[in-house]
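Undergrad: whatever this is, show me its structure:
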Amino acid sequence: MFRKNRPLSSLQTFKFSLALVFVVISIGATGFYFLEKSAESGRVEEGRKGDSPHSFLDAVYWSIITATTTGYGDFVPKTGWGRVFTVFFAIIAVVTIAWAGANALAFIVEGHLTEAVRVKKMEKDIKALKNHYIICGLGRVGMEVVQRLRESKIHRFVVVDRHREILENTLRDDELFVVGDATEDQVLKDAQIELAYGLIACIPDDAANVFTILTAKVLNPKLFVIARGQQDGSQKKLMRAGANRVVMPSRIGGARMAAMALRPAIVDFLDQTLLVPGDREPLLLEEILIESGNPMMGKMLKETHIKSETEVMIIGIRPNQGDFLINPPSNYIIGEGDMLIGLGHHTHFKMLRRLMGLPENAS
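TA: This next block holds a predicted model:
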């Protein structure tokens with residue numbers, strides 16, 4: 001999942017060295033058992049008590065004390081082949097154990113143990129995700145997306161990027177990421193693409209975004225995809241690839257600059273409320289889908305008491321069938337499948353979800 005991951009590579013090396021020690025000890029035990037066991041029967045026939053292994057457990061014991069150079073003196077090979085085997089085994093075993101010890105010391109001292117534990121925990125947390133967002137590309141646009149999700153108290157997201165250093169230096173310790181190319185199937189599978197709700201393609205390359213969307217849609221056809229477009233003609237291509245929405249940063253930037261020139265007060269107002277909260281809790285625009293069983297169904301908007309009980313202002317409604325209603329009338333009857341567009345603080349939307357019987361962490 002985490003490609004070119006040094007801590008995991010060190011962990012794999014450490015595991016391999018332990019496995020090699022086990023193999024060497026097993027070979028030593030097998031050699032002692034069969035080479036010295038044959039001498040035992042001859043000494044028994046001659047009436048002498050031998051010190052050859054009586055069981056394979058004895059052979060394992062001799063193998064360990066030889067490999068660790070303990071040498072209690074209770075084992076001395078009696079056969080010629082046993083002595084030759086002991087010489088070579090002792091050299092190989094000592095070198096192997098020394099190498100394994102060096103790997104273990106480096107793994108702990110260099111901090112790889114803590115990092116490997118963190119990476120394993122991240123893998124487990126990602127596998128537990130569902131209905132989450134996948135952000136592909138952590139450039140300037142991708143970082144802005146992450147920041148907005150943070151401000152909206154949305155923590156169910158995974159960032160995919162090829163550059164580990166950028167991910168580790170930019171994201172917080174509790175934020176999840178996958179190192180790799182978002183156009184590859186396995187990388188998106190590592191980010192739990194099959195269970196994701198949405199994908200935001202922020203790669204500064206239209207072709208890469210197209211390939212990412214095509215790959216994602218094959219793995220999860222129901223995925224809601226938002227794509228970044230660079231060139232003027234890329235919007236149609238991204239939509240054909242499967243994007244539900246396409247955002248053109250240059251076009252939005254130009255429109256915003258024109259709005260600043262023509263209506264600066266309105267832009268300042270929006271910045272101070274929706275975009276630049278400073279030390280204040282930001283105002284949020286959120287959508288609330290009315291599903292079957294919602295207590296608001298069948299009521300007129302004024303009968304729901306949403307504004308008086310939660311401080312959320314319903315500024316628009318998209319009916320299940322029909323166009324958006326801006327500033328809906330108070331006698332509008334809410335039906336199943338309607339999408340309410342509300343304006344308020346995060347705490348206000350928590351109160352609204354509680355009023356509707358929805359989980360407070362719903363997005």
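Undergrad: quick one: residues in contact with stretch 141-151.
TA: The contact list for stretch 141-151 (Cβ atoms under 8 Å, 6 or more residues apart in numbering) reads 133, 135-136, 138, 155, 157, 159, 161, 170-171, 175, 200, 202, 204, 228, 249, 277, 282, 284. To be clear about C-beta, it is placed using only N, CA and C from the backbone, and glycine gets the same treatment.
Undergrad: go again with 10 Å.
TA: Defining contact as Cβ atoms under 10 Å, 6 or more residues apart in numbering, one finds that stretch 141-151 is touched by 133, 135-138, 154-157, 159-161, 166, 170-172, 175, 200-204, 226, 228, 247, 249, 274-275, 277, 281-282, 284, 346, 363.
Undergrad: same deal with stretch 26-36?
TA: 50-64, 66-67, 75-86, 88-90, 92-93.
Undergrad: again, only using 8 Å
TA: Contact with stretch 26-36 is made by 52-53, 56, 58-60, 62-63, 66-67, 77-79, 81-82, 85-86, 89, 93, as judged by Cβ under 8 Å, 6+ apart.
Undergrad: same question for stretch 347-361.
TA: So stretch 347-361 is contacted by 281, 284, 286, 288, 293-296, 306, 309-312, 342, 344, 362 (Cβ under 8 Å, 6+ apart).
Undergrad: okay, buried residues for it please.
TA: Within stretch 347-361, the residues scored as buried using 16 or more other Cβ atoms under 10 Å are 348-353, 355-356, 358.
Undergrad: which phi and psi values does residue 158 adopt?
TA: Residue 158 adopts backbone torsions of phi -130, psi 130, taken as degrees, to the nearest 10.
Undergrad: quick one: buried residues of the helix or strand hosting residue 166?
TA: Applying DSSP states H and E as the criterion places residue 166 in helix 164-170. Residues 164, 166-167, 170 are the ones in helix 164-170 that count as buried (16+ other Cβ under 10 Å).
Undergrad: just give me the closest of the residues you listed to residue 126.
TA: residue 167 (13.2 Å; Cβ to Cβ).
Undergrad: partners of the nearest residue to the closest one once chain neighbours are set aside in the sheet?
TA: In this structure, residue 167 finds its nearest non-sequential neighbour in residue 177, 4.5 Å apart by Cβ to Cβ, 6 or more residues apart in numbering. For residue 177, the beta-bridge partners are residue 159 (DSSP bridges).
Undergrad: just give me the neighbour total for residue 177.
TA: 23 (other Cβ atoms under 10 Å).
Undergrad: check contacts around it.
TA: Counting by Cβ under 8 Å, 6+ apart, residue 177 has contacts 122, 138, 158-161, 167, 171.
Undergrad: out of these, who's nearest residue 318?
TA: residue 158 (28.6 Å).
Undergrad: what sits against the closest one?
TA: Contacts of residue 158 were listed using Cβ under 8 Å, 6+ apart, and they are 126, 129, 132-135, 176-178, 191-192.
Undergrad: strands - which of the residues you listed land there?
TA: Among the contacts of residue 158, the ones falling in strands (DSSP state E) are 133-135, 176-178.
Undergrad: now a ChimeraX select for only the buried ones of the contacts of residue 158.
TA: For anyone working in ChimeraX, the buried entries among these, judged by 16+ other Cβ under 10 Å, can be selected with:
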select :126,129,132,133,134,135,176,177,178,191,192
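Undergrad: now, which of the buried residues of helix 164-170 sits nearest residue 237?
TA: Using Cβ to Cβ, residue 166 comes nearest to residue 237 of the buried residues of helix 164-170, at 26.9 Å.
Undergrad: still on that earlier bit, give me the buried subset of the contacts of stretch 26-36.
TA: 52-53, 58-60, 62-63, 66-67, 77-79, 82, 85-86, 89, 93.
Undergrad: give me the pLDDT value at the nearest residue to residue 214 once chain neighbours are set aside.
TA: Distances taken as Cβ to Cβ, 6+ apart place residue 241 nearest to residue 214, at 5.3 Å, with adjacent residues excluded. According to the prediction, residue 241 has pLDDT 93.
Undergrad: check contacts around residue 241.
TA: The neighbours of residue 241, taking Cβ under 8 Å, 6+ apart as the test, are 209-210, 213-214, 217, 227.
Undergrad: try residue 118
TA: By Cβ under 8 Å, 6+ apart, residue 118 lies in contact with residue 173.
Undergrad: what distance do you get for residue 308 to residue 352?
TA: Distance of residue 308 to residue 352, given as Cβ to Cβ, to the nearest Å: 12 Å.
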